[in-house]
Every structure is written in C-alpha cells, then in structure tokens.
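Engineer: predicted coordinates and the sequence they were generated for:
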Amino acid sequence: MPSSVSLLGLGSMGSALARALIAAGIRPTLWNRSPARGAPFASSANLTDSIVDAVERSDLVISCLINYAATRSSLDRPEVIEALKGKTLVQLATGLPADATELAEWAGRHGIRYLDGRICCFPATIGRPDAVIYYGGDAATFEAHVGTLVALAGKSIYAGENVTNPTMLDCAFLSYCFAAPMAMLHGAAICEAAGLDPDLFFAALPSFSADVNRRSVSFREAIRARDFANVQSALQTDLAGARMWLTCSSELGVDPAFAQALLDVMKVPVDEGKGALDTAYLFQTFRGAKGRLPS
Ligand SMILES: NC(=O)c1ccc[n+]([C@@H]2O[C@H](COP(=O)([O-])OP(=O)(O)OC[C@H]3O[C@@H](n4cnc5c(N)ncnc54)[C@H](OP(=O)(O)O)[C@@H]3O)[C@@H](O)[C@H]2O)c1
C-alpha cells in the first residue's frame, strides 16, 4: 500500500520534517543517502534504501537535501524521473533564485509538478503552528497539498506562481534571523564583560523582543505610506543612544565591530538631514539611492 508522502533527506531538518509528518498521523516513506539515519524512524515510517522506490511509493515527494546540487544529482536519473512523472515534487533545500528556476524548468520538462519552498525556522520549530515555510509555484498544486504541508509548518504560506519568490522571502527572513541572535549574544557579552550574570539580560528578552516586534505595526504603515514623520523614536535620538552603546561596550572590552556596523548605518540618514524622522526611515536607507525621499 503506497504511503501518501515520501521524504528525501534525513539530516537535521529532514528528520524534523519526518517527525512532524509522523506526529500528524502520516506514515511517510523515508529515504536518505546514508541509510543509518533512518534508524530512529524504523517503527513509524516506511524506510527504503532506494530513491526510486521512495518516489514510486507516493504522489507527494518532499526533498530536503543539503542543496540543489545534491537534489539534482539524486533526482536527475532516468529511473527516478520516470517514477516522478505526474507527481508533485516539493523542494525545500536552501539555494539561490537561479537554482529554483532551473529545478522548476527541469521538473516541467519531465512532466513533474513542482513547488519550491523555503523553510524559515529551525528544526525544533518544525511542526508547530507558528513554523513558517514559503512556497512558490502552481497555485492548484499548492492547494492540492497544503493539507499535508501544514503538518510541517502551521504557516505554510503560498508566495505566488514565481518559484523564486520563496528565496526572496527567505533572504528577507535571514536579515532578521542573523541580526537578532547576534544582538542577543552581543547583549550577553556586555553583561559578562561588566561582571553581571547574562541571565539578568536573558530574563528580560521576551519583553524586549515583544516591544521591538510591536514596532513592525508602525513600520508597515510608514513603509506603505512612504511617510516617516510619525515619530516614536527619532533617528538622531537612536544615533545618540548608539554612540553611548558603542562607547560603553567598547570600554568594557566587547568587540566593537557589531555596534560600529549598526552605528554606521544609523549615521547615513542623520548625515543626510533626516535625523528628525522615525527609525522606520532606515528602510529607505537600505533601499539605497532609489528608495530615498528627496531632501
Ligand atoms: N537546519 C536548519 O536550521 C535549517 C533551517 C532552514 C533551512 N535549512 C535547509 O534545509 C536543508 C537541509 O539542511 P539540514 O540542516 O538537514 O542539513 P544536514 O543536517 O547537513 O543534512 C544534509 C542532508 O543532505 C544529504 N546530502 C548531502 N549531500 C548529498 C548528496 N550529494 N546526495 C544526496 N544527499 C545528500 C545528507 O545525507 P547524508 O546523511 O547521507 O549525508 C543529509 O540528508 C539545507 O538546504 C538547509 O539550508 C536548514
């Protein structure tokens, strides 16, 4: 009896996807290049050492290998292509827009329905209602499988027909994903350098982050209206605080690179005479010259 879903790849992320499918009551077929990684799923999934067999067993094939090159070298074989024909391939490895376009074209040439996805969370979050995965490709194909895909991420978000859209959204997510943890660790380093227990800082993080995240409401309004005059915090005030932050943390011996980099960005609009506008104006700074409001 074929299972409804086959999953290719049981690395950190693939294993989390497998656990989420199983938790949703699905018995998936699992394939990994190194079969030993299937051992934890021996009683809850159909394990196979053959990628052809994995693809033959299901109409929905989800692939989460290390990158597109690995995906392509695993799938681009006559017997695998034959088994995939008429089925849906959901590709979840991280890559560049061109990778998504090339794999979508390859799938199209072989009569394989294709969705390109980007996982915007860590393995521990997979399967939760707030886990985010963006998908691009044919809307009807997404609709046909979203009932299964929500098992992987409660927020399985359709990003449009263009298969490169999830990559762009992943890139936007990475801005936050890289900057926020760095900020946490920088704050903890300041505490320790000052002889304070970093836990005093971590204990307040839920409040700090909720307060910062609430700013997204006014940021969205300002960006939509291209109006940055509704000030919660003026750029020049931010910059003065950032100078204090850099001086204080540097004097403690904390590496200044992170604070200096942020201060350098904040200086740009102030030097352009926009210091009285809200922090939201940094959006324009990041957009570059094309995005700037006239002086
Ligand atoms: N982990 C995260 O936090 C996270 C978050 C978002 C997105 N992602 C993305 O998810 C994808 C998988 O990440 P991961 O964390 O699961 O990586 P991982 O733990 O390093 O696992 C890599 C997987 O790719 C397989 N693989 C590597 N080279 C291969 C090849 N040439 N042919 C066939 N299979 C090959 C590995 O098989 P073997 O076991 O045989 O080596 C393993 O299943 C990546 O594109 C990553 O960027 C990960």
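Structural biologist: Nice, I can see it.

Engineer: got the buried residues for stretch 188-208?
Structural biologist: 188-191, 201 (16 or more other Cβ atoms under 10 Å). All C-beta atoms are positioned from the backbone trio N, CA, C, and that covers glycine.

Engineer: neighbours around the closest residue to the ligand within the chain, how many?
Structural biologist: Closest to the ligand within the chain is residue 11: 1.8 Å, counting by Cβ to the nearest ligand atom. Neighbour count of residue 11, defined by other Cβ atoms under 10 Å: 17.

Engineer: equivalent analysis for the one 4 residues further on, please.
Structural biologist: Burial of residue 15, expressed as a neighbour count using other Cβ under 10 Å, amounts to 21.

Engineer: secondary structure element holding it?
Structural biologist: helix 12-23 (DSSP states H and E).

Engineer: which residues touch the next helix or strand after that helix?
Structural biologist: Going down the chain from helix 12-23, the next helix or strand is strand 29-31, by DSSP H and E. Contacts to strand 29-31, defined as Cβ atoms under 8 Å, 6 or more residues apart in numbering, come from residues 2-3, 5-10, 18, 38, 41, 45-51, 53-54, 57-58.

Engineer: now with 7 Å?
Structural biologist: Residues from elsewhere that reach strand 29-31, judged by Cβ atoms under 7 Å, 6 or more residues apart in numbering: 3, 6-8, 10, 18, 38, 41, 45-48, 51, 54, 57-58.

Engineer: so residue 36: helix, strand or coil?
Structural biologist: Per DSSP: H, G, I helix; E, B strand; the rest coil, the secondary structure class of residue 36 is helix.

Engineer: what about the residue lying closest to residue 84 once chain neighbours are set aside, how many neighbours?
Structural biologist: In space, and not counting its chain neighbours, residue 84 is closest to residue 112: 4.7 Å by Cβ to Cβ, 6 or more residues apart in numbering. Residues near residue 112, counting by other Cβ under 10 Å, number 21.
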